[in-house]
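Peer 1: Pasting the sequence and the predicted model now:
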Amino acid sequence: MAMASSFHRALGGGEAARTELVLLLVLSVVLALASSTSAIDGSTSNLTAGFVQVELPEGNFQVQSPYDVPENQRYSYDNVTGVRTFLVYAGDKPFNTVTGTKPRTEVRLTGHDYSSGAWQFEGYGYVPTGTSGASVMQIHREQGAAPATVLMLHVYNGTLRYYSGEAVEDRIYDRWFRLNVVHDVGASTVAVYVDGRRKFGASVIPSDSYYFKFGVYMQHHDVSPLMESRWRNITLYTKPY
């Protein structure tokens, strides 16, 4: 109503009235853009609202890589950029001589296994063109549980998928994307956000405890000879009930 009144005053008024109208129009455009930005990015900024960031020193980043080659041939951490680079070849050995699992180069986040509340993983990931048939992030259940995970995000030919099934994000190659994964233990649900937008949600199997992993872990089909992912700004949050 105020803007309409100003508009009518401008039609019959002088320079001051027209100036007022221009300022009001500019203000309305600014507010509209702010509202649009909030609608697009609001989920991004609000994802961690109500959560508490947990301490995550470098000692909590436990690397698992093929046992028969030096770790630095499959994993590197750049102290300047904060980028962690993970490589694994389809013909690599497992991470120890006991397990029968497929080759991987991953970080297992230690010190923050959890069994209650809501937990959130946040990080920026990058998958180069050509990587396929690899898990790049997972929520693991307690040792010896079957199935071993409640969430795995696989990359197949440029698409990020929930295990080998539903597509979570297309065109994942050659760009940094923000990944947030929220696990509500009490509700037995997980939700996946890419660049602040909710892309997937599911009910999950209850477990005695859980922990997060990320990197590259070879899967069972559409596997490339070399698999790679890069990660930075890894953060964990929790929300007690």
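Peer 2: Perfect, I can see it now. Numbering: from 1, shown residues only.
Peer 1: use CA for all of it now, contacts and neighbours both
Peer 2: Will do.
Peer 1: tell me the helices in this structure, going along the chain?
Peer 2: Taking DSSP state H as the criterion, the chain contains helices spanning 2-12, 15-46.
Peer 1: Tell me the pLDDT of the residue nearest to residue 128 when sequence neighbours are not counted.
Peer 2: Closest residue to residue 128 in three dimensions, ignoring its sequence neighbours and counting by CA to CA, 6 or more residues apart in numbering: residue 174, at 4.8 Å. Residue 174 is assigned 98 on the pLDDT scale.
Peer 1: do residue 241 as well
Peer 2: Note for residue 241: predicted pLDDT of 77.
Peer 1: what about the nearest residue to residue 94 once chain neighbours are set aside, how many residues close to it?
Peer 2: In space, and not counting its chain neighbours, residue 94 is closest to residue 103: 4.4 Å by CA to CA, 6+ apart. Number of residues near residue 103 (other CA atoms under 10 Å) recorded here: 24.
Peer 1: now swap in residue 179 and tell me
Peer 2: Residue 179 has 19 neighbours, counted by other CA under 10 Å.
Peer 1: Same check on residue 68?
Peer 2: The number of residues packed around residue 68, counting by other CA under 10 Å, is 12.
Peer 1: I'd like the distance between it and residue 132.
Peer 2: Plainly put, residue 68 is 23 Å away from residue 132 if you go by CA to CA, to the nearest Å.
Peer 1: what's residue 217 in contact with, if anything?
Peer 2: 88, 102-106, 134-136 (CA atoms under 8 Å, 6 or more residues apart in numbering).
Peer 1: From residue 94, how far off is it?
Peer 2: Following CA to CA, the distance that separates residue 217 from residue 94 is 10 Å.
Peer 1: who touches both of these two?
Peer 2: 102-104.
Peer 1: Could I get these in CSV, plus columns for pLDDT and distance to residue 169?
Peer 2: Rendered in CSV, the data for these read as follows (pLDDT from 0 to 100; distance: CA to CA, whole Å):
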residue, pLDDT, distance to residue 169
102, 97, 25
103, 98, 24
104, 98, 22
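Peer 1: residue ranges with poor pLDDT in this structure?
Peer 2: Under the criterion of pLDDT under 70, the regions of the chain flagged as low confidence span 1-45.
Peer 1: now the longest strand along the chain: how far from the chain's centre is it?
Peer 2: Counting by DSSP state E, the longest strand found in the chain is strand 226-239. What separates the centre of strand 226-239 from the centre of its chain is 7 Å, taken as CA atoms, centre = their mean, to the nearest Å.
Peer 1: Grab the nearest non-local neighbour of the most centrally placed residue in the chain.
Peer 2: The structure's the chain has its C-alpha centroid closest to residue 179; by CA atoms, centre = their mean the separation is 1.5 Å. Once flanking residues are discounted, residue 179 sits nearest to residue 194: 4.9 Å by CA to CA, 6+ apart.
Peer 1: Touching, residue 167 and residue 161? I think so.
Peer 2: Yes: assessed by CA atoms under 8 Å, residue 167 is found in contact with residue 161 at 4.4 Å.
Peer 1: Distance-wise, check the residue nearest to residue 94 relative to residue 232.
Peer 2: Applying CA to CA, one obtains 22 Å for the distance of residue 103 from residue 232.
Peer 1: Ok, residue 87 next?
Peer 2: Distance, residue 87 to residue 232, using CA to CA: 15 Å.
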